[in-house]
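1. The following block contains a protein sequence and its predicted model.
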Amino acid sequence: MSERGVMGQVPGTRVRVLADRPVRALGTYVLYWMTANRRTRWNFALEHAVNLATMLRRPLVVLEALRCDYPWASVRHHRFVLDGIKDNTARFERKGIAYYPYVEPRKGAGRGLLKSLAHQACTVVADDSPSFFYPRMLESAARQVDVRMEAVDSNGLFPVLATDRVFTT
């Protein structure tokens, strides 16, 4: 899935352990929870998940979920995500990757979905992003899963964790 040419190891400065638990060797798949970087290209988290699936000889399952009741939810943002889901469906299908887009039909209907899918996974990979509600969401998710969970930074050219201070502008 890499647009950078040959897939390689994702730099360690982009990977952050959220749940320091063992990888479930007998898990059914590697789960990539696509939240912030909803794209199939130029996505280190997806690349990391593909690498793990290859190493563990397990299929990759991609979960892209959209809640309906979070703060700042808007028709415009949801239209953007839904259009992206349409594109991602076609791209993952062409690559033979199991893709599970989930759009919450009513408030709370998706509660427990990640936990349930993680219960059968070898490991969980998520997008890392310092903005919006993502940090709190990832912390909460890491407490709920029973397997190793890592977040991968695909935000820009320079990994956020590689800086020695906060840049406010």
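-> Here it is on my side, so go on.
2. Need the residues that contact the longest helix seen in the chain.
-> Assignment by DSSP state H gives helix 75-95 as the longest helix of the chain. For helix 75-95, contacts defined as CB atoms under 8 Å, 6 or more residues apart in numbering pick out 1, 34, 38-40, 62, 64, 66, 68, 98-99, 101, 103. Placement of C-beta: from N, CA and C, glycine included.
3. in it, what counts as buried?
-> Within helix 75-95, the residues scored as buried using 16 or more other CB atoms under 10 Å are 81, 84-85, 88, 92.
4. closest to residue 136 among those residues?
-> Nearest to residue 136 among the buried residues of helix 75-95 is residue 81, at 19.2 Å by CB to CB.
5. and residue 4, what pLDDT?
-> If you check residue 4, the pLDDT there is 41.
6. How many residues are close by residue 8?
-> Neighbour count for residue 8, taken as other CB atoms under 10 Å: 10.
7. now it, what's its secondary structure?
-> At residue 8 the chain is in coil, as set by DSSP: H, G, I helix; E, B strand; the rest coil.
8. heads up, I number from 25, so please use that
-> From this message on, residue numbering opens at 25, which makes the last subject residue 32.
9. And it, how close does it get to residue 49?
-> 24 Å (CB to CB, to the nearest Å).
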